[in-house]
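Asker: Provide a 3D model corresponding to the input given below.
(2 chains)
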Amino acid sequence: MIEVTALTKRYGSLTVLDGVDFAVQAGEIAAVVGPSGAGKSTLARCINLLEQPTSGSIRVDGKDLTRLSRRELRSARRAIGTVFQSASLLARMTAAENVALPMRYLDISHGERVGRVRELLDRVGMLHRANHYPSQLSGGQQQRIGLARGLALRPSVLLADEPTSGLDPQTTSSILKLLAELRDELRVAVVLITHEMDVVRNVADSVARLHEGKIIERGSVAEVVRSSDSELARALLPLPPGRAPDHEPEVWQLRYERPDVDPAWLTSVGRELDTDISVLAGLIETIDDGGAAGRVTVRIERPLAIAVVREAFASRGIHATQAGLDATQTSNARAGDIEHEDTRQAGIARTGEIAPAGEVDPEEPHETLVRSAA
Amino acid sequence: MSVLATATPWSGVSSLLLPALGQTAAMVGIVMSIVVALGLPLGLLIFNTSPRGLTPHTKVHASISWIANLGRSLPFLVLMATVIPFTQLVVNTTIGIKAAIIPMSLAGIPFFARLVENAVREIPRTRLDVGIASGASVAQVIRTIQLTEALPGIVAGLSLNVIAMIEYSAIAGAIGAGGLGYLAVNYGYEQFDSHIMISCIVLLVLIVQIVQFGGDRIVRSLTH
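Answerer: Numbering: from 1, shown residues only, chains lettered A, B, ... in the order given. The predicted model follows:
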């Protein structure tokens, strides 16, 4: 496991990280998200000890790695494997040579190296590409090799620094599946640094939001998306941009609070309240714990008492608020800062049943962006 | 010396041309060994002391960078004249092949160092981080990542440098260093010997083409 305590990094008078704390257990994937400039890459460089923190500690399996001499540091690095952004493979080495590289630095015998490289390539499904050069491999294959290399020294912590940036949605999900497999089988603690909310939703157990060098929100992914309307929750489960609902009291924002929400709620609430319900926008997904998470905007077509509507949804595990009564619009705009533009498009493309991202008409987004809400 | 052009008969050209070719080859060969032996480490030092290098050091970087620029700022003929006292000191003569090697090396080392620096600078930073984060020492990162990844660029620089040194060896002909350049100037130009002139030109063009072509082939085979 890894424990980061009061980690601070200053460059001159500029404070990039300001007392960052978090811990990741073995067998857990913890995501750190935040917009560019929040300090994510500095955090990554401090965790894999490429940068010396100004203060604070990084403990791996109880051992503080920040106060070591250069020599001690070199062998202590075994404890932390890093998967870099794509294109970090050495171009003039084959896949197998790339995976073997960290072992060469630490005087691991040739025989042991060969066996270990085979084992690692096999684990990431790349044994048949052992003698290929990176230029002969696809982006996803390269990143599999990168993962195998990160695991070469049997680390107890794996730092994945934007491991899926630049990969297409399908490849991204195959890399994430592999990451989850490695977490479960090797029981490594994975620190996943990313700006892609889809990635967090699909694979992370917990999430922390970094903002101007501080972690300002954190929790398990399920907890965050089901029990709050915070910025992080909205970024993780973004409501596609729709028609401004501010002045329509009959427009409601719904949020799944329980993992076992009955998918037939639309019909059953409509029957109970004897009204039509129109879906204006929505996003419903199965998250990592196997339960559903969702955020939907609906319009109740018959005037009804607020308490009655709220109760009808609450009894089905859905939190309902009148759109005009909260600050949804402004929060959504802010959530957009966190959510990277192409992430949203990637999410759309993956559902497969609606227009490809490129054809989405920006003028009328809520029509095309409605997903499996009905 | 006749004022009229009296060309060496074609049958006699080769007996002048071949020894000159040998002298050029010897000069360029010796100079290039010195250039690689000193220019390669100098180039790595310039890059690695830069802010983007493995061991940034502003003062060291600024001073060696300045020295390297100094060697490249003078026209070769001027440099050759300027360093005559130094040449005298090192090889104890100021004429001939031995004397030409000193200024040629002084011009070639900083040139090659810059080519090496450029080649190494092309390597994305994350590839160096991979080494450091995997527990490599600075020397190991240089050997296994910088030199390995930059090899095609370094070889391309090498052919460029060889061609520049062939050119300089011709200028060094002026201090009696011999070689093809000397032959072209003394027989071809000053004695209006058109056969020697043409032969030298054809041979120099051929050599440069072969070096460039060969260099490009090697670069291609090293690039994956």
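Asker: next up, the contacts around the closest residue in space to B:Ala184 that isn't next to it in sequence.
Answerer: Leaving out its chain neighbours, the residue that sits closest to B:Ala184 by Cβ to Cβ, 6 or more residues apart in numbering or on different chains is B:Cys200, at 3.8 Å. For every residue, glycine as well, the C-beta is placed using N, CA and C. The neighbours of B:Cys200, taking Cβ atoms under 8 Å, 6 or more residues apart in numbering or on different chains as the test, are B:Leu17, B:Ala20, B:Leu180, B:Gly181, B:Leu183, B:Ala184, B:Gly188.
Asker: buried sites along the helix or strand containing B:Cys200?
Answerer: Secondary-structure assignment from DSSP states H and E places B:Cys200 in helix B:194-222. Using 16 or more other Cβ atoms under 10 Å in any protein chain shown as the test for burial, helix B:194-222 gives B:His195, B:Ile196, B:Met197, B:Ser199, B:Cys200, B:Leu203, B:Leu204, B:Ile207, B:Val211, B:Gly215, B:Ile218, B:Val219.
Asker: does A:Leu280 count as helix, strand or coil?
Answerer: strand (DSSP: H, G, I helix; E, B strand; the rest coil).
Asker: how close does it get to chain B?
Answerer: 44 Å (Cβ to the nearest Cβ, to the nearest Å).
Asker: could you give the bridge partners of A:Ala31?
Answerer: A:Leu192, A:Val207 (DSSP bridges).
Asker: how much space separates it from A:Arg226?
Answerer: Distance, A:Ala31 to A:Arg226, using Cβ to Cβ, to the nearest Å: 17 Å.
Asker: tell me how many other residues crowd the closest residue in space to B:Ile95 that isn't next to it in sequence.
Answerer: Among residues not flanking B:Ile95 along the chain, B:Gly176 sits closest, at 4.4 Å (Cβ to Cβ, 6+ apart). The number of residues packed around B:Gly176, counting by other Cβ atoms under 10 Å in any protein chain shown, is 15.
Asker: the lowest-mean-pLDDT helix or strand in chain B - contacts with which helices or strands?
Answerer: Scoring the helices and strands of chain B by mean pLDDT, DSSP states H and E places helix B:179-183 at the bottom, with a mean of 85. When contacts are defined as 3 or more Cβ pairs under 8 Å, 6 or more residues apart in numbering or on different chains; DSSP states H and E, helix B:179-183 packs onto helix B:10-49, helix B:148-172, helix B:194-222.
Asker: nearest to A:Leu90, of those helices?
Answerer: helix B:148-172 (5.9 Å; Cβ to Cβ).
Asker: B:Thr8 in helix, strand or coil?
Answerer: Per three-state DSSP, B:Thr8 ends up coil.
Asker: what's it sitting at in phi/psi?
Answerer: phi -60, psi 130 (degrees, to the nearest 10).
Asker: got a list of what it touches?
Answerer: B:Leu16, B:Tyr187, B:Asp193, B:His195, B:Ile196.
Asker: now the angle from the helix holding B:Cys200 to helix B:148-172?
Answerer: 170 degrees (axes from the mean of the first three to the mean of the last three Cα atoms, to 10 degrees).
Asker: what average pLDDT does helix B:194-222 get?
Answerer: The pLDDT scores in helix B:194-222 average 92.
Asker: that one vs helix B:10-49, what angle?
Answerer: 40 degrees.
Asker: near chain A, which residues of chain B?
Answerer: With Cβ under 8 Å from any Cβ of the partner chain as the criterion, chain B comes near chain A at residues B:124, B:126-127, B:129-137, B:140, B:144-145, B:148-149, B:151-152, B:222-224.
Asker: sorry, back to before: hang on, the residue nearest to B:Ile95 packs against B:Val185?
Answerer: No - in this structure B:Gly176 lies outside contact range of B:Val185 using Cβ atoms under 8 Å: 10.8 Å.
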